[in-house]
Structures are given as C-alpha cells and as structure tokens.
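Novice: sequence below, structure please.
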Amino acid sequence: MPGFRAVVTDLDNTLYPWVDYIVPSLEAMVASLEATTGLPRIRIVQSLKAVYTKYESNEYPFAIQESDIFQPYESDFDSFNQLVVDPARRAFKAARERYLRPYPGVPEALAAIRARGLLLVALTDAPRNAAELRLKWLGMDRLFDAVYTLPGYSLPENVDPAIRRRQALGHYRSATRVCELPREAEKPSPEGLRRILDDFDLPAREVLYVGDNVLKDMPIARDLGATGVWAEYGTYVSNEYRERLAIISAKAVTRRHVAEEGPARWPLAISSFSQVVEVLDGARWSTPAARPSPAAKRRRR
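Specialist: Alright, predicted model coming up:
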C-alpha cells in the first residue's frame, strides 16, 4: 500500500444516509403545506418538483416561494411567509434534526484520520448551501481541511428578512474553508479531484478517495491515479425510500444523490466508513465472491 497524505471523501450516502433524511424532511414540509394552503398533496408535490427540476436539486431552499403555490399571494409575501413558508420550514427542520445522523463510527473515523496527520477534504455534488449546513449541523465541519461543492444559491427577492440578516452575519457558514466548483465539475468529471490535488500540491498516488457511487466516484480515482475505496454501504437504500423519493424528486436529481444498484463493483470496497482507517493501516477490503446458485451447482455435477 502507498503512503497516503490525504483522504478525500464524498458526503451524501458516504458519511451519512442522505436518503433517510431527505425523504421524511420533504414529506414533513409537504404535509405542512397541505395544512396551511388547503391544496391537495399532488398539486403541492408537482409544484415543488418543477422547482427542484429547474435547479437540479431537492434542497433548493427557496422552492416554496418560487413555486406556483405562491403566485396567488405575490402582492403580500410577508403574510405568505409567516403563514405558509415559515411553518413548512420549521417542519422540514424538525425532521432534519430527527433523521440526519452520521453513519455509525464516522465522527470517530474522521478524527482518527486527522490524528494521523493526514489532510481530510470533502468533495460533493451537493450545492454549497446544503453541504455546508449539513456538516455544520452534524458538528463535523471542523474536522475537514476544506470542502469542495457545486455552486450555492443566492437569496431570492422574496425571502424572510431574518434569513437575510443571518446570511449577512455568516450564520450558515461552516467552520472550514469551502470552495465552489463550476457546475461542469460535477462527477464523474475528474475536475473536482484534480482541483484538490492542485490546491494541496498532492500526487494522486498519495490520496485515498472514498465514495458510494461506483459509476461516478470510482472512475475519478481510477482516471487520476488515486486509490479508490467504494463505500458500498451507501448503496443500501430500501425500495420503499427510493419510491418515496421519486415522487417528489426529478430523475436527474435522484441520479445525482442516489447510487443505482447494479452489477458494477469495485475491488476495494468497505461495509463501514470506519474501515477507511484500516485501509490506511494496510488492510484491503473487497466484496466477497458471488456464491453459485443452486442451478449452477447442479450443472457442475
């Protein structure tokens, strides 16, 4: 095994189960909108989905006031904000606080990586707003030397004045440096990792790259010569949650955040982020060989 100087890791479904948090959070927001507007659920979902499709993110934070739900109330944003947007925002936040948790052992593993004197950098396809807020909420932002994200979203004209004040005061900013990459750097483009290598003057052979998507993350490591570690556990998303996410999520958004299950595999795979530390110490983890089916066994006889 090479001597590593840095670990670069994906965030969503690598450090925490993104689907397990976003689905109930969005559903709580929709339920709040049903109660405050009296609109049917299908109408609300389709309105939000149109905005998420436009911005290619389920986490565009101003979707309600940019949806056609707001159009009949454009002359009075303050009332709409107080009676509709604010309850929905609080419902989303309450669900996020309940369901957003790191995978077991993640904070400890990140701390162990730092204790070894290695650089620790995040590379995500999430927009800056969402990635920064999640790491700050989880209390893990201080563990990273830098976080590389896709571009964040600026505040729209119709926004709660309190949010504008908090934004100006840096309330939503993480404790570590955040670098916004151009949208063209979205994975599987290698440009994000290449930028990290250049910024930190790192040879690729001295970088361990961890990600859950075997079709988007692992080719980046291969193309640049880093050691790719497939977070296979991040693909373990129930069919129920995939179906519930598809109701409100555009297909392009789902593809960005949720690795598809399929036959593709990667030789160096882990079943827990904690095993990254063991890989650094020289252990190699891989998926077990597939067991022959009963029919195959009978053919061999």
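Novice: when you work out contacts or count neighbours from here on, use the C-alpha atoms and nothing else.
Specialist: Will do.
Novice: can you report how many residues neighbour E243?
Specialist: Number of residues near E243 (other CA atoms under 10 Å) recorded here: 12.
Novice: my bad, E184
Specialist: 11.
Novice: OK, contacts around it?
Specialist: Contacts for E184 (CA atoms under 8 Å, 6 or more residues apart in numbering) come out as none.
Novice: what average pLDDT does the helix ranked longest in the chain get?
Specialist: Looking across the chain with DSSP state H, the single longest helix is helix 18-37. Helix 18-37 comes out with an average pLDDT of 96.
Novice: also stretch 188-202?
Specialist: 97.
Novice: got the CA coordinates for it in CSV?
Specialist: Presented in CSV, the C-alpha positions along stretch 188-202 are these (Å, rounded to 0.1, in the frame of the first residue of the first chain):
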residue,chain,number,x,y,z
PRO,A,188,-17.9,11.7,-12.9
SER,A,189,-15.9,14.7,-14.1
PRO,A,190,-12.4,14.4,-12.6
GLU,A,191,-12.1,18.2,-12.4
GLY,A,192,-13.1,18.4,-8.7
LEU,A,193,-10.5,15.9,-7.5
ARG,A,194,-7.9,17.4,-9.9
ARG,A,195,-8.5,20.9,-8.4
ILE,A,196,-8.0,19.4,-4.9
LEU,A,197,-4.7,17.8,-6.0
ASP,A,198,-3.5,21.1,-7.4
ASP,A,199,-4.6,23.2,-4.4
PHE,A,200,-2.9,21.0,-1.9
ASP,A,201,0.1,20.0,-4.2
LEU,A,202,-0.8,16.3,-3.8
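Novice: buried residues in the longest helix of the chain?
Specialist: 18-34 (16 or more other CA atoms under 10 Å).
Novice: count the neighbours of the closest residue to A252 other than its chain neighbours for me.
Specialist: In space, and not counting its chain neighbours, A252 is closest to E56: 6.9 Å by CA to CA, 6 or more residues apart in numbering. Neighbourhood size, E56 [other CA under 10 Å]: 20.
Novice: can you pull the contacts of E56?
Specialist: 250, 252-253.
Novice: one step back: what's the helix or strand just after the longest helix of the chain in contact with?
Specialist: Remark: after helix 18-37, the chain's next helix or strand is helix 41-55, criterion DSSP states H and E. Applying CA under 8 Å, 6+ apart, the contact partners of helix 41-55 are 30-31, 33-34, 58-60, 63-64, 66-69, 247-250, 252-253.
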